[in-house]
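[1] 3D, please:
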Amino acid sequence: MAVEVVYRSSRDLERLFMDKAEADRHDKMLELAETLAAVLQQAAPSLNEQQAEDLGIYMARHRELFAKAFRNNPEALAELPKPDDASN
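    Residues are numbered from 1 along each chain as shown. Here you go, the predicted model:
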């Protein structure tokens, strides 16, 4: 019988990772997404909880592109995946 070590994000108990660093990155992304969702709901109270969560996750997954855009490079947002792209 073999023993296999797997890691689980504390914020996403459904997903398992073979690498601790990957689990940590996923956990940090979800933490950022949660914070973004809260800020978005404060800024736009008409957003429901699911919409704010979806937007927060999207922005957190693509944080490098948003960071470039916020540093006077709005063209970076053109690199974001299109809504019909399965990888977003």
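[2] okay, CA-based contacts and neighbour counts for the rest of this
    Will do.
[3] Any idea how far apart the tips of stretch 60-73 sit?
    18 Å (CA to CA, to the nearest Å).
[4] whoops, I mixed them up, stretch 8-17
    Taking CA to CA, stretch 8-17 runs 6 Å from one end to the other.
[5] which residues in the chain form strands?
    For the chain, the strands defined by DSSP state E occupy 7-9, 12-17.
[6] Any chance of CSV for the ones you listed, columns distance to residue 47?
    Below are these laid out as CSV (distance: least, CA to CA, whole Å):
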stretch, distance to residue 47
strand 7-9, 27
strand 12-17, 23
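[7] With mean neighbour count added, can I get those strands in CSV?
    Conversion of the strands of the chain to CSV gives the following (neighbours: other CA atoms under 10 Å):
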stretch, mean neighbour count
strand 7-9, 18
strand 12-17, 12
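[8] Distance-wise, check residue 79 relative to residue 32.
    Using CA to CA, residue 79 is found at 21 Å from residue 32.
[9] and what of residue 4?
    29 Å.
[10] now residue 10
    Look at residue 10 and residue 32: by CA to CA, they are 14 Å apart.
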